[in-house]
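Asks: Below are the sequence and a predicted model for it; my questions follow.
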Amino acid sequence: LYGGAPLPKEKTFRFLVKKYMETYPDVKIKMTTIPGDFYAKMKVLAAAGKLPEVIRMDDDWTGEYMAYGFVYPLTERIEAEIDKTDYFAISWKPFLYKGDLYGIPYDAACSMLFYNKNHFDEAGLPYPSRDPEEWTREKFFEYAQKLTKDKDGDGKTDQWGYCIMPSWFDTQNWLWCEGATLLNKDKTKVAFDQHPAVDIFQWKADLRNKYHISPPAATVEAMGNEAMFAAGLVSMILCETWDIPMFEDARKAGKIEYGTTHLPSGKAGAWHRATFDSWAITKNAKDFETCWNFVKWMSSAEGGQKYLVGEATFAPPNKKVAYGEYLHQDVYWDPEFVIDILEHHAHLSEIVLQGAAFWDAMNKATEGLWLGTKTAEEAARDAHRLVDPILAQEAHLRPFMSWEGYPNPLEEVIPKQEECIYRKGKK
């Protein structure tokens, strides 16, 4: 079995595998984590026919396994043995290819804005609202400026209002809130050379390079974004739920008190990246039934899902557990807010089949933007040159992860938010 993810994800994977072997003591599982560029290495193993029997399918990276037939379609078994409505509807989408399902969602995570309550209290600012109508990009910028300080009077900033993630990837969240997208509707070309997308890319880079309310690149590279928030050096940061254990350690050590809220809303509302993993059975499986039992157990309410409760790294995509034990945990962080995002504010990444190649090309195109050496328009031109050919290469394998069938910021989305449990006067 291959897990293929760095800590803290790997810790959770190994914990679940251990629980499975305790439940089925006759089954022995060897779990391997490949260090370094494991997605590229997995492509080599797949091409050589040396994949393990079971692999983790990450929604952003593993479309090629389905497209090139490295894993078994599981549609018939899923239809016969699993009620798909027990899961968040959006969680199935990444594992559907040309009418077949290749995995069962077994974990969920989402982005959210974390803020340092101590910093807000010191500045006399109210905590960010969870009402998208009140917590806007304009309000966020106002607060970030007020929270950026030279606390020791040496002429140098030592507390920043916000810490940008120097990545096109988390910028998707900001795009969706304004009704923009990274790619065009057909996923044949980069689309962030259009307005308002190009303006959002530039605005985000300007938070660091023009307004200086985000720490400089060298400081972030030395410490890491999440570590800077945990150390109390930045007031707000966009992170995923798997960062909660680090922030909880910092809170328990007396370094921070934190809260969570939506990314500031735009004209399309408040949207968060949601991500899901599944386990898939490869064509190298020697005992399909044993592999199927493992995959099914990991996603069942009676099996692996109940063990995700208490593991702040992930939420269970199985709603029986999500709305049961997970929701009613007595914990500092807010499981109810995570569920609300997954039900009403979740958006999948703009996934393509060649995830690793796409990721590398986008990083090369946009790196200079975050460093202040190129503009967003220049980054978009470089993205067309580097990314569009990758999209063209996989066009014959489409459709995969089309816009159809899940919340689409290209369409009207504000009415959907009326269902949200976090509305003014309710939370």
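Replies: Looks like it came in fine.

Asks: how many neighbours does Glu289 have?
Replies: Per other CB atoms under 10 Å, the neighbour tally for Glu289 reads 9. C-beta coordinates here come from the backbone N, C-alpha and C atoms, glycine included.

Asks: ugh, wrong one, I meant Ala47
Replies: 12.

Asks: List the contacts of it.
Replies: Neighbour list for Ala47: empty [criterion: CB atoms under 8 Å, 6 or more residues apart in numbering].

Asks: What distance do you get for it to Tyr65?
Replies: Ala47 is 11 Å from Tyr65, where distance means CB to CB, to the nearest Å.

Asks: do Val17 as well
Replies: Val17 is 20 Å from Tyr65, where distance means CB to CB.

Asks: Those two: which has the busier surroundings?
Replies: Legend: neighbour count by other CB under 10 Å for Val17 and Tyr65, higher for Tyr65 (23 against 18).

Asks: any chance you could read off phi and psi for the closest residue to the more buried one other than its chain neighbours?
Replies: If the residues on either side of it in the chain are set aside, Tyr65 comes closest to Val71, at 4.9 Å by CB to CB, 6 or more residues apart in numbering. With angles defined as degrees, to the nearest 10, Val71 sits at phi -130, psi 150.

Asks: residues near Val71, how many?
Replies: Val71 has 26 nearby residues by other CB under 10 Å.

Asks: Next: the one 5 residues further on.
Replies: By the criterion of other CB under 10 Å, Glu76 has 10 neighbours.

Asks: so which strand or helix has it?
Replies: Taking DSSP states H and E as the definition, one finds Glu76 inside helix 75-81.

Asks: Would you mark the buried spots in that helix?
Replies: Using 16 or more other CB atoms under 10 Å as the burial criterion, the residues of helix 75-81 that qualify are Arg77, Ile78.

Asks: other SSEs contacting it?
Replies: Counting contacts by 3 or more CB pairs under 8 Å, 6 or more residues apart in numbering; DSSP states H and E, helix 75-81 is packed against strand 100-101, helix 288-299.

Asks: Kindly export the lowest-mean-pLDDT helix or strand in the chain (C-alpha atoms) in CSV.
Replies: Of all helical and strand segments in the chain, the minimum by mean pLDDT, DSSP states H and E falls on helix 38-47, at a mean of 76. Below are the C-alpha coordinates for helix 38-47, written out as CSV (Å, rounded to 0.1, in the frame of the first residue of the first chain):
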residue,chain,number,x,y,z
PHE,A,38,6.7,11.3,-4.9
TYR,A,39,4.1,12.1,-7.6
ALA,A,40,6.8,12.1,-10.3
LYS,A,41,8.2,8.8,-8.8
MET,A,42,4.8,7.2,-8.8
LYS,A,43,4.4,8.0,-12.5
VAL,A,44,7.6,6.1,-13.1
LEU,A,45,6.3,3.1,-11.1
ALA,A,46,3.0,3.2,-12.9
ALA,A,47,4.6,3.3,-16.3
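
Asks: after it, next one along is what?
Replies: Per DSSP H and E, the first helix or strand lying C-terminal to helix 38-47 is strand 54-58.

Asks: now the helix or strand just after that following strand, how far from the centre of its chain.
Replies: From strand 54-58 onward toward the C-terminus, using DSSP H and E, the following helix or strand is helix 63-67. For helix 63-67, the separation from the chain centroid amounts to 20 Å (computed by CA atoms, centre = their mean, to the nearest Å).

Asks: what comes into contact with stretch 235-243?
Replies: With CB under 8 Å, 6+ apart, stretch 235-243 has contacts from 8-9, 109-116, 119-120, 128, 140, 143-144, 147-148, 159-163, 165, 170, 173, 225-226, 228-229, 263, 273, 275, 312-315, 338.

Asks: what about that stretch, start to end distance?
Replies: 15 Å (CA to CA, to the nearest Å).

Asks: Where do the helices of the stretch 101-250 of the chain begin and end?
Replies: 117-123, 137-147, 168-177, 197-209, 217-223, 225-230, 244-252 (DSSP state H, counting those that start in this stretch).

Asks: Tell me which of the ones you listed approaches Val321 most closely.
Replies: helix 244-252 (17.6 Å; CB to CB).

Asks: Other residues contacting that closest one?
Replies: Taking CB under 8 Å, 6+ apart as the rule, helix 244-252 contacts 8, 114, 226-227, 229-232, 256-258, 312-313, 332-333.

Asks: and if you look at stretch 254-267?
Replies: Contacts for stretch 254-267 (CB under 8 Å, 6+ apart): 111-118, 127-130, 132-133, 135-137, 139-140, 173-174, 177-179, 229-232, 238, 247, 250-251, 270-272, 333-334, 337, 341, 345.

Asks: Report the buried residues of it.
Replies: Those would be Lys255, Ile256, Glu257, Tyr258, Gly259, Thr260, Thr261, His262, Leu263, Pro264, Ser265, Gly266, for stretch 254-267 by 16+ other CB under 10 Å.

Asks: try stretch 227-247
Replies: 228-230, 232-247.

Asks: Cheers, nothing more for now.
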